[in-house]
Every structure is written in C-alpha cells, then in structure tokens.
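S.K.: Sequence and predicted structure below; questions after.
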Amino acid sequence: MRDLFTSASLLVVVRVLGIGIQAPMVIWLARTLPITEMGVFSVAYAYLGLVRYLGPLGLDQIALRRIAQDLPDGGRPVPDSVHKVSTHTLVLVTGLNAIVALLAFGILALWAPEGMAAGDYLSISLAMPAFALIGLLAGQTRGLGYNLLAQVPDAIGVHLVFAALLAAFALTSGVSLTTVLLCLCVAAWIVLFLQVLLRMQIGFRLHTLPGLDDMVGLVREGISVFQATLFSGLSDRAPIFLSSAILGPAATAVMEIAMRFGNVATITTGSVAATLAPRFARYSYDENWSALRQTLRFGVAMATVPAVFYLGLVVFGASWAIDVFLPTEYASAYLPMLCIASGIVINALFGLAINVLIMAGKGATVMYFSLGRLLAVVVGGIVMGQAFGEVGLSVAIVLGIIVRDGCGIVWVRRIWRVV
C-alpha cells in the first residue's frame, strides 16, 4: 500500500496547491465584485463545473476503465486497444460538445439570465468544449497510470491561468463580471492546449476514426455512467441553482462561499478516489475481492482522517476567518459551511463505494443512487431553502450525501462483501 499512499499524498498536495490558488482568488472576487454579480458568477461557474463532469458523456470513466484493464504491467507496450479507445472517445466528445456549445449559445442568446450580457454567455458557450475535453483527457491519463499528471491541469492549471489573467485585467482595464467570465474561458482553452501536449508526450497515436457502430457502442456503454454522473453533477451544483431561483443572487454568493470552503476536505477524498480507481477497475475485472476489500479499507482511512480534521478547523476557525477576510454580507456563510463540512466527513467514510461500483461496470446501479441523491437535494432544498435559507440548502446537501453514499456502501457489502 506504500505506493498507493505516496500517489494519493502527491495528489493531495496538488489539490492543496489548487485550493491555495482558488481561495485567495474567490475571496478577492467576493471583495471586488458587487455581491449580485458574484452571485451571477457563481451560477456560471457552477454551470461550467457541470460541463466539466457531464461533457465527457461518461466516456472519461469508460476510457479509464478500458485502458486500466488492457494496459500491461509496466505500461509498455501500449496495446492497440488503448489507442483505439483514446481516439474514439476524443472524436466523439469533441464533436458532440461542439454541437452542444452552439445550442447553448442560441438558448442563452434568446433567454439570457438577468444581469448577464452578450459577452458573458458567449464566453460560457466557448468554454464548454474546453472543459469537457479537459475532463476526458484527465480520465485517459489516469487510466494510463499517470494520476498526478492527470490531476495537475484540472486542479492547478485552470485556476492558475485564470488567476493570472484576472491579475492582468485588474492591473490594466479593471475587472467586471464580463472580464471574469472571459478570463475563465481563455484559461480553459490554454490549459486544454497544454494538456493535449502532455497527452502526446505520454503516448498518443491516432487510430482509425470511429464508425457508426463504434460510436453507438461507446454511447451505449457510457450512457449509464453519464446518467450517474448527470445526477451526481446536478446534485453537487443544484444548491447554487436553487439558491439563485429561490433566494436571489446575494444569497447565492453566500452559498458559493459556504460550498467552496465547506468542500475543501474533498481534496483528499477525490485524490484517494482518483488514485485507487485503476486498482478498483483491475481488481473487479479479475474478481480479486480480497485485494479490492483491502484497497477500499485503506482508501476510507486515508480519506476520513483529513475530513474530520478539517471539520474541526471549520468549527473553531471559520467564523473568525469569514469576519476577517470577507465583507460583512458574507457573515451568514458560517453555518452552511459547517453543515457541508460535516457532510464531507460522511462522504469520506462511505463515498468510495460509489467509485468501486463505477469501476466494476455497475454504472446503472450508481445512477439510481445518484438519482436518489438529486431528489433529496432538490426536494429538500426547495422545502428547507424556503424555510431556512442557506442553512436549509446546506442540510439538503448533507441529506443527499447520506442517501447516495449510504446506498452505495450497503450495496457493496451485500453483493461483494468487500467491507
């Protein structure tokens, strides 16, 4: 397990560096933009984050699983099947997301949300294919065994370039909602270009272009993972959308701060999941349940300890930090942040079971659990959000985590007796 611990620890370091870039940037934006514009930015950022997860159409997970299963020990030579799945998923995701981006631009042009200018929805539409391809290439790279390299563009690259572009505007013409969204779009394309160069250095050979049968087969295989990802991604971002619809842009800005800093401990949970995913795929494919059980238990321990530690930091330090670093309008972010950090502890304890199921080809099962989570977040968010504001929305987030991750660990125990 030493190699897994080292790999996961390096991923945590990468994500911590990413948070170290994001946190000052978000605080600076909250202090610079009017709170209503910050609320609009939060919705746009949540939407593009959704594209990052949904844009690959589940094919990032399919590519990861197939590559991890087909790649020989040592990673060389790379079999033809790896080049085939890499090329086919790349072509399919690029084409479909270009079409979706055009449709999104048309929809936003006709029904742009209040407070959003033409340049804003143009930037959002142009950024969509870039975020989708970043997600796909990360999955391919992880499947090849380069977990750290897969994480850097996503966790650090986008935020670092975004921050640099924002700084350039701040020092010259000034920052507005339009320039912020433009910087985010340009940052995504720059990072995608660098990620393509990285993928070519690792080893990428174009295979024959996918035929109709290839595309239909990939879509069929990816649809269950996509549906699970759809429900999970919507659950992650539904509180922002609900807040915008129910409570308005000012409360949405508060929820952005609460979610952004309440979710910090996911850097460990996500890093552990990213590190162990190829092992989950290989062990489930080989039906090596003993190794799978040991790996899962190891991952739960690695994820839970930091999550509990961070919850303690939130309990005793978050209120002070909000008072010191943010305008007074954000003072109400403390309790929602506390609820969300508590939910992340639950996710650290049980959430890796979801990754086991996906890597074992049980995406359809995960889809139902993720649907349950989405319903819990949406229904609970509407009811409790109207009654208790941001705190009610954060409680709905925790309820959704309990539904999905609780079902996942029960299913794993029952079917494979892994834990």
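M.R.: Structure received.
S.K.: From the contact counts, what lies against the helix or strand that contains A318?
M.R.: Counting by DSSP states H and E, the element that carries A318 is helix 289-325. Secondary structure elements in contact with helix 289-325, counted by 3 or more Cβ pairs under 8 Å, 6 or more residues apart in numbering; DSSP states H and E, are helix 2-32, helix 249-262, helix 266-286, helix 334-350, helix 352-359. C-beta: built from backbone N, CA, C; applies to glycine.
S.K.: Please identify the deepest-packed of those helices.
M.R.: The densest packing among the helices and strands packed on helix 289-325, expressed as mean neighbour count by mean count of other Cβ atoms under 10 Å, is seen in helix 352-359 with a mean of 27.
S.K.: which element follows that helix toward the C-terminus?
M.R.: Next along the chain from helix 352-359, counting by DSSP H and E, comes helix 363-388.
S.K.: now the angle between helix 352-359 and that following helix, please.
M.R.: Here the directions of helix 363-388 and helix 352-359 differ by 140 degrees (axes from the mean of the first three to the mean of the last three Cα atoms, to 10 degrees).
S.K.: which residues does E256 contact?
M.R.: 26, 38-39, 42, 45, 240 (Cβ atoms under 8 Å, 6 or more residues apart in numbering).
S.K.: change it to 7 Å
M.R.: For E256, the contacting residues are 42, 240, by Cβ atoms under 7 Å, 6 or more residues apart in numbering.
S.K.: where's it relative to V26, distance?
M.R.: Between E256 and V26 the distance is 8 Å, computed by Cβ to Cβ, to the nearest Å.
S.K.: Next, count neighbours for G211.
M.R.: Other residues within reach of G211 by the criterion other Cβ atoms under 10 Å amount to 10.
S.K.: Could I get the pLDDT score of it?
M.R.: The score at G211 is 74. That number is its pLDDT.
S.K.: Identify the residue spatially nearest to T36, adjacent ones excluded.
M.R.: Beyond its immediate neighbours in the sequence, the residue positioned closest to T36 (Cβ to Cβ, 6 or more residues apart in numbering) is P249, lying 4.3 Å away.
S.K.: Ok, V158 next?
M.R.: Distances taken as Cβ to Cβ, 6+ apart place V191 nearest to V158, at 5.0 Å, with adjacent residues excluded.
S.K.: residue contacts, that neighbour?
M.R.: 134, 153, 157-158, 161.
S.K.: what about 10 Å?
M.R.: V191 makes contact with 130-131, 134, 152-154, 156-162, according to Cβ atoms under 10 Å, 6 or more residues apart in numbering.
S.K.: Where does it sit, in terms of helix or strand?
M.R.: In the assignment (DSSP H and E), V191 maps to helix 177-203.
S.K.: Apart from its chain neighbours, what residue comes closest to G119?
M.R.: Closest residue to G119 apart from its sequence neighbours, by Cβ to Cβ, 6+ apart: T178 at 4.8 Å.
S.K.: ok, that neighbour touching A118?
M.R.: Yes - using Cβ atoms under 10 Å, T178 is in contact with A118, at 9.1 Å.
S.K.: who has more neighbours, the two?
M.R.: Taking neighbours as other Cβ under 10 Å, T178 and A118 compare with T178 leading, 16 against 11.
S.K.: Just give me the residue right at the centre of the protein.
M.R.: With distances taken as Cα atoms, centre = their mean, the residue of the chain nearest its centroid is Y53 (5.8 Å).
S.K.: Not counting sequence-adjacent ones, nearest residue to that residue?
M.R.: Once its chain neighbours are removed from consideration, Y53 has its nearest residue in G233; the separation is 4.2 Å (Cβ to Cβ, 6+ apart).
S.K.: picking that back up, list residues touching both of E256 and V26?
M.R.: Counting by Cβ under 10 Å, 6+ apart, the residues touching both E256 and V26 are 38, 41-42, 45.
S.K.: which one of these sits closest to A396?
M.R.: Nearest to A396 out of these is S42 (Cβ to Cβ; 17.1 Å).
S.K.: can you map out the helices along the stretch 1-150 of the chain?
M.R.: If DSSP state H, counting those that start in this stretch is used as the criterion, the helices of the stretch 1-150 of the chain fall at 2-32, 35-54, 59-70, 80-110, 118-143, 147-152.
S.K.: So for the fifth one, mean pLDDT?
M.R.: What it means is helix 118-143. In this model, helix 118-143 carries a mean pLDDT of 88.
S.K.: Buried residues, that helix. List them.
M.R.: By neighbour count, and taking 16 or more other Cβ atoms under 10 Å as the criterion, the buried residues in helix 118-143 are 120-143.
S.K.: Many thanks, I have nothing further to ask.
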